[in-house]
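> predicted coordinates and the sequence they were generated for:
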Amino acid sequence: MTASREKTYTAWSRLLRVLRELLANPSSGFGLVVIAILLVTALLAPWIAPYEPNLINLSQALQPPSAAHLFGTDELGRDVLSRIIHGSRISLTIITIVSVIVGPLGLLVGTTAGYFGGWYDTVMMRITDIFLSFPSLILSLAFVAALGASLENAIIAIGLTAWPPIARLARAETLTFRNADYISASRMQGASKLRIIVKSIMPMCLPSVLVRVTLSMATVILTAAGLGFLGLGAQPPLPEWGAMIATGRRYMLDNWWLVAFPGGAILVVSLAFNLLGDGLRDALDPKQGH
């Protein structure tokens, strides 16, 4: 019990140290604050949003930003701010599910390929190279076209295209660890290959994989917005940011707010994940002397 408490205390101490370092850096602090705001907004969307996101009021159609509608209204009189707030739930859902898919999948493929080597490594890396040879949006489009246009299929498609860079990174990390003294000692003590990978190699790869997953979230958001813009992601009337831009582009010359505010939300959140990923790389890098 004492050892368990010490381990928990150490984990919390490290987490607090990383948070302090992130907040001490202006750029990563900005990213962390924006993502925290995104999380709170998504959780409290029904209470924060001033209107129902799908409430149609044609008498208020295409109203410019005002005190009543801070971000204006769309062609059906729906409040743009309310739709962006509820759209944060969709973005957060996509980010969470894709992270749950690509993180473990990329880590598993990379660590096993790097540790076993041989024909297994060759086969897995050639498959990875095939995925990497296509732009993520193009490959996602192909998967969604095969699966059918919907938010669920868009999430699956993005997940299937986002794991190869993580697998490459995990493999490179594994190649540096697999001949280390502590791995050889585990081998001599009779530890199985699976136990060595799970207990010894994967924990060493986790910091780099976490940074890579965080950085890839910006690409995930842009890909999801691109699919929504093309009508292959979230379907109307869901207030997905890319789909909102696609609908508003027909009116954008006279009603700039229809694309400016959803586009701004995509820009700010994508930038936040990039800045947070850079900050995490510095905070988790053992070469920094931590």
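Cool, the structure landed. Numbers count the residues shown, from 1 in each chain.
> where in the stretch 1-150 of the chain is pLDDT low?
1-11 (pLDDT under 70).
> would you map the helices across it?
Counting by DSSP state H, counting those that start in this stretch, the stretch 1-150 of the chain has helices at residues 2-24, 26-43, 45-48, 80-116, 118-132, 136-147.
> what's near enough to touch residue 218?
Listed by Cβ atoms under 8 Å, 6 or more residues apart in numbering, the contact set of residue 218 reads 269-271, 273-274, 277. In short, each C-beta sits where N, CA and C put it, glycine included.
> tell me what the strand or helix carrying residue 182 is packed against?
Using DSSP states H and E, residue 182 sits within helix 181-188. If you count contacts as 3 or more Cβ pairs under 8 Å, 6 or more residues apart in numbering; DSSP states H and E, helix 181-188 packs onto no helix or strand.
> one step back: which of the helices of the stretch 1-150 of the chain sits closest to residue 196?
Nearest to residue 196, of all the helices of the stretch 1-150 of the chain, is helix 80-116, at 7.3 Å by Cβ to Cβ.
> return the set of buried residues in that closest one.
Judged by neighbour count (16 or more other Cβ atoms under 10 Å), helix 80-116 contains these buried residues: 80-92, 94-95, 97-99, 101-103, 105-115.
> angle of that helix against helix 181-188?
Helix 80-116 runs at 60 degrees relative to helix 181-188, counting by axes from the mean of the first three to the mean of the last three Cα atoms, to 10 degrees.
> elements contacting helix 80-116?
Under the contact criterion of 3+ Cβ pairs under 8 Å, 6+ apart, helix 80-116 touches helix 26-43, helix 45-48, helix 118-132, helix 151-162, helix 164-177, helix 202-229, helix 241-248, helix 257-284.
> just name the most buried of those.
Compared across the helices and strands packed on helix 80-116, helix 241-248 shows the largest average neighbour count, a mean of 25 (mean count of other Cβ atoms under 10 Å).
> avg pLDDT for it?
Helix 241-248 carries an average pLDDT of 90.
> okay, the angle between that helix and helix 202-229?
Helix 241-248 and helix 202-229 are oriented at 10 degrees to each other (the same axes, to 10 degrees).
> packing partners of helix 241-248?
Helices and strands touching helix 241-248, by 3+ Cβ pairs under 8 Å, 6+ apart, are helix 80-116, helix 202-229, helix 257-284.
> hey, what's the angle from that helix to helix 257-284? Just curious.
For helix 241-248 against helix 257-284, the angle by the same axes, to 10 degrees is 160 degrees.
> contact partners of helix 241-248?
Residues contacting helix 241-248 (Cβ under 8 Å, 6+ apart): 74-75, 80, 83-84, 87, 90-91, 224-231, 233-236, 255, 258-259, 262-263, 265-266.
> gap between the helix holding residue 182 and the chain center?
35 Å (Cα atoms, centre = their mean, to the nearest Å).
> from the contacts of residue 218, which two are the most distant?
The distance between the two most remote of the contacts of residue 218 (Cβ to Cβ) is 12.8 Å, for 269 and 277.
> please list all residues in contact with residue 114.
121, 170-175, 178, 201.
> could I get the residues you listed as a markdown table with distance to residue 130?
Listed next are those as a markdown table, based on distance: Cβ to Cβ, whole Å:
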| residue | distance to residue 130 |
| --- | --- |
| 121 | 15 |
| 170 | 18 |
| 171 | 15 |
| 172 | 18 |
| 173 | 22 |
| 174 | 21 |
| 175 | 21 |
| 178 | 25 |
| 201 | 25 |
